[in-house]
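# this one's sequence-less:
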């Protein structure tokens, strides 16, 4: 199903914070640019410094959802900065460069960093990007990627290309669907726990992932500051 895109002046019913992480020069920003603005990948994309921020409204299952992509620099020197922006994320995309097999280990390091900073599981997809460079001779077989996905706690994987758009729309749609589904089940679990008065137990409240936020507006793109706070107009979106 093709995603229906909305203008920025329309309010979205739900907000979804999606982390986009991985090593340097894997194409994270180019993937977001293709998804949000349908821009072709530049031959010389400027590396993200710190954290970039981009949004896109879509229509899915009669609901308007604003996807909020948090584009993290792959440089190690920004790792301490990026950790504080992981809070309240709904989903994550880990990007590796399919044309450089050694970049996979860096992507898996980011996945471990993600897991270490969450006490609950969020839907996480592996994007093997730059498929246009290796489509005639794929770096990994489907069996290998299935095994990597299982061994490292990813929900799914996809070959993607920011240059020609291969796989990006379908993979993001699937990620949004899965996130909405898990958010729905999360709400049901909370209601069930409330009925059992579980929040009053001495052991404390159960740790649950955040639900997709409802009723907030805003949009556009920018760069988050180094003080772990969004620009004023962005703060209500996903923080």
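Looks like it arrived, so ask away. For clarity, every value in this text was computed on a predicted model and none was experimentally measured.

# Point out where this structure drops to low pLDDT.
Applying pLDDT under 70 to the chain flags the ranges 1-13, 40-50, 74-83, 184-239.

# how far away is the residue nearest to residue 118 when sequence neighbours are not counted from residue 127?
Excluding the flanking residues, the one nearest residue 118 by C-beta to C-beta, 6 or more residues apart in numbering is residue 86, at 7.1 Å. C-betas here are computed from N, CA, C, even on glycine. Separation of residue 86 from residue 127 (C-beta to C-beta, to the nearest Å) stands at 18 Å.

# The two: which is more packed in?
Neighbour count, other C-beta atoms under 10 Å: between residue 86 and residue 127, residue 127 has more, with 31 against 19.

# Am I right that the more buried one falls within a strand?
Yes. Under DSSP: H, G, I helix; E, B strand; the rest coil, residue 127 falls within a strand.

# how far away is it from residue 113?
17 Å.

# same question, residue 145
Between residue 145 and residue 113 the computed distance is 21 Å (C-beta to C-beta).

# More neighbours: which of these two?
Each of residue 145 and residue 113 has its neighbours counted (other C-beta under 10 Å); residue 145 has more, 21 against 16.

# Please verify my assumption that that one contacts residue 157.
Yes. Between residue 145 and residue 157 there is a contact under C-beta atoms under 8 Å: 4.7 Å.

# can you list residues touching both of those two?
With contacts defined as C-beta atoms under 8 Å, 6 or more residues apart in numbering, the residues adjacent to both residue 145 and residue 157 are 126, 128.

# picking up where we left off before, next, the residue nearest to residue 118: secondary structure please.
Residue 86 ends up coil, using three-state DSSP.

# What residues does it make contact with?
Residues counted as contacts of residue 86 (C-beta under 8 Å, 6+ apart) are 19, 114, 117, 118.

# What of residue 112?
Counting by C-beta under 8 Å, 6+ apart, there are no residues that residue 112 touches.

# do the same with residue 137
Taking C-beta under 8 Å, 6+ apart as the definition, residue 137 has no contacts.

# Now do the SS call for it.
Here residue 137 is recorded as coil under three-state DSSP.

# Skipping adjacent residues, who's closest to residue 70 in space?
residue 19 (5.2 Å).

# So the one you found belongs to a helix, correct?
No. Counting by three-state DSSP, residue 19 is not found in a helix; it is strand.

# give me the number of residues near it?
For residue 19, using other C-beta under 10 Å, the count is 24.

# for the one 10 residues further on, same thing?
A count of neighbours around residue 29, defined by other C-beta under 10 Å, yields 25.

# can you give me the helices in this protein?
With DSSP state H as the criterion, the chain has helices at 28-37, 79-83, 103-116, 142-151, 168-195, 235-238.

# Can you add distance to residue 65 and give those back as JSON lines?
What follows is the helices of the chain, written out as JSON lines (distance: least, C-beta to C-beta, whole Å):
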{"stretch": "helix 28-37", "distance to residue 65": "13"}
{"stretch": "helix 79-83", "distance to residue 65": "24"}
{"stretch": "helix 103-116", "distance to residue 65": "22"}
{"stretch": "helix 142-151", "distance to residue 65": "25"}
{"stretch": "helix 168-195", "distance to residue 65": "6"}
{"stretch": "helix 235-238", "distance to residue 65": "12"}
